[in-house]
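1. my questions concern the predicted model and sequence given below.
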Amino acid sequence: MRNSAFLGATALVAIFGSIPSLAYSQTTQTPADAVPGAAQIGVNDRSDPTKDTESGDEEIVVTGSRIRLPNTVSSSPITTVNQQYLQDRGLTNVADALNEIPGIRGSVTANGAQGSFGQGVNFINTFNLGSNRTLTLVNGRRYVSSNVTTIFNQGSAGTQVDVNVIPTLLVSDIDIIPTAGAPVYGSDAIAGTINYKLDTRLKGVRASLTTGVTEQGDGFRYNAAIAGGFNFAGDRGNITLSAMRDEQEGLLYNDRAFLRANIGNGTNPSTAQSTTLGRAAGVSFLNDGRLNPGIGYNDSTTDGFAGTILIRDRTLPLLTRGGLITDATSGTVFNAATRRAGAVQNYQFDTSGNLVAFNRGTRFAGVQEASGGDGFRFNDFSQITSTLRRNTLNGFASFRVAPALELFAEGTYFHSRGDELVQQPSFNSSLFGGSSGALTFDVNNPLLT
C-alpha cells in the first residue's frame, strides 16, 4: 500500500529585455535578376550613373545565426498529442494516450504486479530504455520527481515524474521529442523529452465527468474534473484553477476466466521421459493437460512435434503456499508408488498448518512444470490492476506588468493512494538458496505427527 502526497509551488519573475540595433538605410530597387529570398547585402543601384552613390543609399540586411527553430523544423521528429485527441478518445489520463504511441514501450503503469513502494504510478518509458531516461517537462520546465528513494520502487532509480499529476483538462499539447534532449538536459533525457503544455491562462470554465465498468460489470472507474479561469486588469492578469478526482477499482487475475485457466509454457517430454515422470496410469499426451492434444511427444527434431507446448492449469510442483516436505538430499517430490521407504515426500502443510497429502499433478519435462495438482499457481497471486484513489489541485496566476515584464506563480497539490490487491508470499524451498533455502529437520520430529 502506498500513500503519497506532495506540495509544489513556484514563483518566478521573468524579465525579458532587448536592446534594438539601429541601421540607417534607404530602400532601393532590387535588381530584376536577384534570386527571390536571397539576402542582398550592400547592393548599390548603379543602373543610373547620375545617382549619388556616396550618400549611403544602401540596403542593409543583417542575418542572425541563433534564430530559434519552430516545431515544424527539428533535427528529430516531434509527435504531438492535443486536447482534442484526449477528448475524442475519452481519455482521463495522459499516460493512457502516450502509451498508445509506438515509440513508447515498457512504461511503468498501475497494471500487473507492483513493487513494495509506489503502487499505481505512471512513469513514461521511451524506446524501452528505462523510465529514468525519459525527461518530463511541464511548460518547458522540470517537474518534481515522484519516484521513491528505495530499491523496491516501481522503476529504476531516477527523477521520474508520475504523470497522473498532470491535469488532463488543462492540457493544450503534449510534445514527444525522442533522443534529442540529452545535450540540453543531461542523461535523464537520453531516450527522449516529453513537454506537457498546459493552458495556464484559461478564460471560462471546463468540466468533465467520466465513469464506466468493464463488460464483466466490474472494474468501476470514474474521473471528475473541473477547471476555470478569468482575466482581470484589462486582460493583463489571469487566475486559473483546476481540480480532479480519479478512482479505479482493482481487478485480480482470477476475475477473468481466460486468466484463471492459468495456461502457460511447458517442456514437451519424449516418450521415454514420460515413463520416468511418475505420471498416473493411463496418462498420455492425449490427456496430460496440454492445450493441443494433437501434439505428440517430442521424440526427435524431425517428428514435427514442438519442444515447448502450452499446458492448462500450469503449476510449480516443488512449491506450495504452506510448505512442501521433500527428500532432504535431492529435493525431489515423489508419488506414493515411487517414494523411498519410510519417506513422506508427498505431504504438505496447508494454510492452517495441518499436514495433508500433496498432489503434484501431471509432470512435464521441466523440473518446475506440471498441469494441475496442489503446486503453486502464480495466477492466485497476480492482479490485473491496482485499486487507485487520486486527488489533484492546480493553481496558476500571472500578471503582465509591462511588455517586457511578467510575474507568474503556480502551485500543485497531489495525493495518491494505490493498493496492490495481492502479493506473493515468502518461501523457504529447495528451489532457492541462502536464507530462502529449504528448512531441514528429522522425519521423526513429533510436530509432524
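-> Arrived safely, thanks for sending.
2. can you pull the domain assignment for this structure?
-> Residue ranges for the domains of the chain, per automatic domain parsing: 26-59, 72-253+389-419, 265-376.
3. got CSV for the ones you listed, with distance to residue 428, mean neighbour count and mean pLDDT too?
-> (Glycine included, C-beta is placed from N, CA and C.) Output for the domains of the chain, formatted as CSV (distance: least, Cβ to Cβ, whole Å; neighbours: other Cβ atoms under 10 Å; pLDDT from 0 to 100):
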stretch, distance to residue 428, mean neighbour count, mean pLDDT
domain 26-59, 78, 10, 47
domain 72-253+389-419, 20, 17, 88
domain 265-376, 7, 16, 83
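4. kindly reformat the ones you listed as CSV containing distance to residue 433.
-> Output for the domains of the chain, formatted as CSV (distance: least, Cβ to Cβ, whole Å):
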stretch, distance to residue 433
domain 26-59, 73
domain 72-253+389-419, 20
domain 265-376, 12
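5. hey, where'd the helices end up in the stretch 201-350 of the chain?
-> 257-260, 271-274 (DSSP state H, counting those that start in this stretch).
6. re earlier: among the domains of the chain, which is nearest residue 435?
-> domain 265-376 (15.4 Å; Cβ to Cβ).
7. so residue 394 sits against residue 241, correct?
-> Yes - Residue 394 is in contact with residue 241 according to Cβ atoms under 8 Å; the separation is 7.0 Å.
8. tell me how far residue 370 lies from residue 167.
-> 50 Å (Cβ to Cβ, to the nearest Å).
9. my error: substitute residue 79 in the last question.
-> 21 Å.
10. same check, this time on residue 219
-> 24 Å.
11. just residue 273 next, same as before
-> The value you get for residue 273 to residue 167, if Cβ to Cβ is used, is 60 Å.
12. with residue 89 instead?
-> 17 Å.
13. likewise residue 218?
-> Counting by Cβ to Cβ, the gap from residue 218 to residue 167 is 28 Å.
14. now do residue 280
-> 61 Å.
15. regarding the chain, what is its longest helix?
-> helix 83-89 (DSSP state H).
16. pull the CA atoms of it into CSV?
-> Taking Å, rounded to 0.1, in the frame of the first residue of the first chain, the C-alpha atoms of helix 83-89 are listed here in CSV:
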residue,chain,number,x,y,z
GLN,A,83,-6.6,18.2,-26.2
GLN,A,84,-8.9,17.3,-29.0
TYR,A,85,-7.4,13.8,-29.2
LEU,A,86,-7.8,13.3,-25.5
GLN,A,87,-11.5,14.3,-25.8
ASP,A,88,-12.2,12.1,-28.8
ARG,A,89,-10.7,9.1,-27.2
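17. which residues touch the helix or strand just after it?
-> Going down the chain from helix 83-89, the next helix or strand is helix 94-98, by DSSP states H and E. Helix 94-98 is contacted by residues 81, 85-86, 89, 91, 104, 107, 109, 122, 124, 163-164, 166, 168, 171, 174, 176, 194, 196 when judged by Cβ atoms under 8 Å, 6 or more residues apart in numbering.
18. distance between the ends of stretch 347-364?
-> Using Cα to Cα, to the nearest Å, the end-to-end distance of stretch 347-364 comes to 20 Å.
19. likewise stretch 355-364?
-> Stretch 355-364 has an end-to-end distance of 26 Å (criterion: Cα to Cα).
20. one more: stretch 161-177?
-> In stretch 161-177, first residue to last residue: 17 Å (Cα to Cα).
21. repeat for stretch 227-242
-> Termini of stretch 227-242 sit 4 Å apart (Cα to Cα).
22. still on that earlier bit, and the helices of the stretch 201-350 of the chain as CSV, adding distance to residue 207?
-> Listed next are the helices of the stretch 201-350 of the chain as CSV, based on distance: least, Cβ to Cβ, whole Å:
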stretch, distance to residue 207
helix 257-260, 37
helix 271-274, 65
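23. right, and these - which one's nearest residue 375?
-> helix 257-260 (16.0 Å).
24. buried set for the closest one?
-> Within helix 257-260, no residue counts as buried by 16 or more other Cβ atoms under 10 Å.
25. just give me how far that helix sits from the chain centre.
-> 24 Å (Cα atoms, centre = their mean, to the nearest Å).
26. now swap in stretch 122-130 and tell me
-> With Cα atoms, centre = their mean, you get 6 Å for stretch 122-130.
27. list the contacts of that stretch.
-> By Cβ under 8 Å, 6+ apart, the residues outside stretch 122-130 that reach it are 93, 95, 98-99, 103-110, 131, 133-134, 136, 146-147, 154-156, 158, 160-164, 176, 178, 190-192, 194.
28. same thing but 6 Å
-> Applying Cβ atoms under 6 Å, 6 or more residues apart in numbering, the contact partners of stretch 122-130 are 95, 98, 104-109, 131, 134, 155-156, 160, 162-164, 191-192.
29. tell me which of those residues fall in strands.
-> 134, 192 (DSSP state E).
30. strands along the stretch 301-449 of the chain, start to end?
-> 308-311, 314-315, 347-349, 355-357, 362-363, 370-371, 383-385, 387-402, 405-419 (DSSP state E, counting those that start in this stretch).
31. which one of those lies nearest to residue 226?
-> strand 387-402 (10.8 Å).
32. quick one: the closest one to strand 405-419, angle?
-> 180 degrees (axes from the mean of the first three to the mean of the last three Cα atoms, to 10 degrees).
33. now, which of the contacts of helix 94-98 lie within helices?
-> Checked against DSSP H, those include these in helices: 85, 86, 89.
34. can you lay out those residues as TSV showing distance to residue 299?
-> Shown next, in TSV, are the ones in helices among the contacts of helix 94-98 (distance: Cβ to Cβ, whole Å):
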residue	distance to residue 299
85	55
86	56
89	52
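35. thanks a lot, see you next time.
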